[in-house]
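J.: pasting the structure only:
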C-alpha cells in the first residue's frame with residue numbers, strides 16, 4: 001500500500017547523527033594530552049576503543065539504558081526477600097564494554113598493586129571517551145577500580161578478591177562473588193543525619209567471631225547490584241571500614257534490604273538506593289577506628305574520575321555543537337561560519353582543551369606518585385581543586401552546548417539534554433564544592449612545604465603567560481590569610497586555572513596563551529563567546545576540536 005506523501009515535511013537543513021566517529025582520533029587535544037603525559041604507545045588501543053564507543057550501536061545503548069531505568073524487585077513471586085535491581089540489557093552491554101576494556105581494573109596489576117607506566121593516563125582516556133556516550137554505568141566502574149586502593153589496607157582480603165576483580169569479564173548474575181567470573185564493588189557512607197559529616201554515622205558494627213554484623217541505615221548507596229560494598233560503621237574503637245558482600249559465606253542472601261531507589265535528576269541508568277542493614281555480615285578492612293583513613297584511599301580515586309567524566313561530558317557537548325553548526329545553515333551561511341557562533345564555539349574549545357590537559361596531567365601524577373614525592377604532593381593538593389573547577393564548570397558549559405543546537409538541543413531525542421541533566425552530579429557526589437575547598441586548605445596546612453613547592457612548580461611552568469604571575473601571588477596571599485576559608489572558593493578556582501594553564505602549556509603553548517589571556521589575564525565573562533580571539537586562533541581551535 002503506498003505511503004502518503006507529506007510534501008511540506010521534507011527533512012533538510014538538519015545535521016546528521018554524530019555517530020560512526022573515532023572518539024579518540026577525532027579529538028586532537030585528547031590525543032596530544034595523552035602523548036604529553038606518557039601514553040604515546042596506547043594510540044592503537046585507544047583508537048579501537050574510540051571507534052567502538054563512537055558507533056551508532058553504543059549511542060543507542062546509552063539512550064535506551066537511560067530511557068529504561070532500573071527497577072527494584074524487593075520480593076520474588078513467592079514472597080521471598082530478594083532485593084534485586086533489574087536493568088535493561090543495554091545497561092549490561094555498556095558495563096560489559098567498559099569491563100572488557102579494563103576501565104574498572106587496568107590501573108592495578110594482578111596482585112592489586114599500581115600497574116605503573118602510563119596506566120592511569122590511558123585508562124583515563126577511555127573513561128573520558130565512555131563518559132561522552134553514557135555516564136551512569138561508570139559509577140560502579142569507578143567504584144570497583146577505586147575499591148582496590150582501600151582493600152590494599154587489608155592484604156588478606158585483597159588477595160581473595162583481586163582474582164575476581166582483576167578479570168575483564170562482566171558477570172551480572174546475582175550470585176556470591178566467589179563463584180563469579182568478574183565482580184563489581186560499591187560503597188556506602190552517607191547517612192541522613194550526617195551527609196558529608198561521616199564521623200556522625202550511627203550505623204553499628206558488632207563483632208561476631210572473625211566477622212561483624214552491621215545494623216543501620218544508609219541514605220545514599222549507589223549501584224546496589226554490586227557484588228560487595230565498602231561501608232562505614234561504628235565499631236568498639238570508632239568509625240571503621242567494612243567489606244559487605246551481597247551473599248553470606250553460606251550462600252544465603254545477606255541482610256541488605258533496599259527501601260527504595262532514588263528518583264534522580266540525571267544519572268538515571270545507574271541505580272542509587274536507600275538501604276537498611278539488619279545484622280548484615282561483613283569483614284573489617286583496616287583497623288577499627290581508622291575507617292576514614294581507609295576509605296579515603298578509595299574516595300581520592302573516585303574524585304579523580306568525577307573530574308574526568310565531567311571533562312568528557314563537556315567534550316561531547318562541544319563536539320555535538322560544532323558538528324551541528326557545520327551542517328546547519330542560517331542566513332545563507334553555515335552556523336559554523338557565522339562570526340558570533342565561531343566566537344562561542346572557539347571559547348568553548350579553549351575551555352575543553354584546558355580541561356582535558358588538566359585531568360590528564362592529574363592522572364600523570366597518579367601514575368608517578370608512588371615513586372615521586374613531588375608528584376604525590378601535586379596529586380594530593382590538586383585532586384580536590386581540579387574536581388572543584390572541572391565539575392562545577394560542566395552544567396553551564398552543557399547549557400551553552402544545548403543552545404548551539406537551539407530547540408533540537410533541548411529535546412530528549414538528542415544526547416545533550418541527557419548530558420545537561422547528568423552534569424551536576426559529579427560536583428555533588430564524592431564531596432561538594434565547599435568540601436573540596438576545605439580539603440585543599442587541609443592539604444596546605446598538613447604539607448605546607450610540599451604545597452609551596454607545587455605552587456612554585458606551577459609558577460615556573462606558566463612563567464611569562466598573561467596573568468600567571470598575578471595569579472600565583474594571589475593564591476599565595478589567600479592561603480596565608482587567617483580567614484582563608486572565607487576566600488577559599490576564589491583561591492581554589494585560581495589554583496585550578498593556573499594548573500590548567502600549566503598543563504595546557506605542555507600540550508599546546510599557543511592555546512595555553514589564549515587560555516591564560518582569557519582566564520588569568522582578565523576575568524572571563526560569564527557567557528561563552530564574550531572574548532576577542534583572532535580569526536586564525538578561532539580556525540585553529542575548531543579544527544583541533546573536530547577535524
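T.: Nice, I can see it. What you are looking at is a predicted structure, and each value in this text was computed from that prediction instead of being measured.

J.: where are the low-confidence patches of the protein?
T.: Applying pLDDT under 70 to the chain picks out residues 1-6.

J.: which residues belonging to the longest strand belonging to it are considered buried?
T.: Looking across the chain with DSSP state E, the single longest strand is strand 272-285. Residues of strand 272-285 classed as buried: 272, 273, 274, 275, 277, 280, 281, 282, 283, 284, 285 (neighbour count, 16 or more other CB atoms under 10 Å). Every residue, glycine included, has its C-beta placed from N, CA and C.

J.: what's the farthest-apart pair in the residues you listed?
T.: Largest separation among the buried residues of strand 272-285 by CB to CB: 272 and 284, giving 25.6 Å.

J.: who does the helix or strand residue 218 falls within pair up with?
T.: In the assignment (DSSP states H and E), residue 218 maps to strand 211-222. Strand pairing for strand 211-222, determined by DSSP bridges: strand 185-190 (antiparallel), strand 204-208 (antiparallel), strand 272-285 (antiparallel).

J.: in TSV, list the ones you listed along with distance to residue 400.
T.: Listed next are the strands paired with strand 211-222 as TSV, based on distance: least, CB to CB, whole Å:
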stretch	distance to residue 400
strand 185-190	31
strand 204-208	47
strand 272-285	28
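
J.: quick check: next helix or strand after the helix or strand encompassing residue 93?
T.: When elements are assigned from DSSP H and E, residue 93 belongs to helix 89-100. The helix or strand immediately downstream of helix 89-100 is helix 119-131, counting by DSSP H and E.

J.: may I see the buried residues of the longest helix along the chain?
T.: Ranked by residue count, the top helix of the chain under DSSP state H comes out as helix 291-327. Neighbour counts over helix 291-327 (16+ other CB under 10 Å) mark 291-292, 294-295, 297-325 as buried.

J.: contacts only, for residue 362.
T.: With contact taken as CB atoms under 8 Å, 6 or more residues apart in numbering, residue 362 is in contact with 304, 307, 378, 379, 382, 383, 386.

J.: just the residues you listed now: which is nearest residue 161?
T.: residue 304 (21.4 Å).

J.: pretty sure the closest one sits against residue 366.
T.: Yes: using CB atoms under 8 Å, residue 304 is in contact with residue 366, at 6.6 Å.

J.: need the strands for the protein, in chain order.
T.: 71-75, 81-86, 185-190, 204-208, 211-222, 228-235, 238-245, 256-261, 272-285, 329-330, 333-334.

J.: turn those into JSON lines, including distance to residue 464.
T.: Below are these laid out as JSON lines (distance: least, CB to CB, whole Å):
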{"stretch": "strand 71-75", "distance to residue 464": "58"}
{"stretch": "strand 81-86", "distance to residue 464": "54"}
{"stretch": "strand 185-190", "distance to residue 464": "44"}
{"stretch": "strand 204-208", "distance to residue 464": "56"}
{"stretch": "strand 211-222", "distance to residue 464": "45"}
{"stretch": "strand 228-235", "distance to residue 464": "46"}
{"stretch": "strand 238-245", "distance to residue 464": "47"}
{"stretch": "strand 256-261", "distance to residue 464": "53"}
{"stretch": "strand 272-285", "distance to residue 464": "47"}
{"stretch": "strand 329-330", "distance to residue 464": "41"}
{"stretch": "strand 333-334", "distance to residue 464": "37"}
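
J.: out of those, which comes closest to residue 29?
T.: Minimum separation from residue 29 across the strands of the chain (CB to CB) falls at strand 333-334, 22.6 Å.

J.: my guess is residue 361 contacts residue 501. True?
T.: No: Residue 361 is not in contact with residue 501 according to CB under 8 Å; the separation is 10.9 Å.

J.: still on that earlier bit, just flag the most distant two among the contacts of residue 362.
T.: Greatest spacing in those, by CB to CB: 307 and 378 (14.1 Å).

J.: my read is that residue 13 contacts residue 334, right?
T.: No: using CB under 8 Å, residue 13 is not in contact with residue 334; the gap is 10.1 Å.

J.: can you check which residues contact both of the two?
T.: Residues touching both residue 13 and residue 334 (CB under 8 Å, 6+ apart): residue 328.

J.: look at these two and report which has more neighbours.
T.: residue 334 (13 against 9; other CB atoms under 10 Å).

J.: find the nearest non-adjacent residue to that one, please.
T.: Once flanking residues are discounted, residue 334 sits nearest to residue 326: 6.0 Å by CB to CB, 6 or more residues apart in numbering.

J.: do you know how far that neighbour is from residue 10?
T.: 21 Å (CB to CB, to the nearest Å).

J.: do the same with residue 141
T.: 43 Å.

J.: please identify which of these two sits among more neighbours.
T.: A direct count of neighbours by other CB under 10 Å for residue 141 and residue 10 places residue 141 higher, at 25 against 8.

J.: you'd agree the more buried one is up against residue 97?
T.: No: Residue 141 is not in contact with residue 97 according to CB under 8 Å; the separation is 10.2 Å.

J.: can you count the residues close to residue 9?
T.: 6.

J.: right, I mislabeled it, should have said residue 523
T.: Residue 523 has 9 nearby residues by other CB under 10 Å.

J.: repeat that for residue 16.
T.: Quick note: residue 16 (other CB under 10 Å) scores 9 neighbours.

J.: tell me who's in contact with the residue nearest to residue 21 when sequence neighbours are not counted.
T.: Leaving out its chain neighbours, the residue that sits closest to residue 21 by CB to CB, 6+ apart is residue 54, at 3.9 Å. Residue 54 is in contact with 19, 20, 21, 22, 23, 26, 129, 133, counting by CB under 8 Å, 6+ apart.
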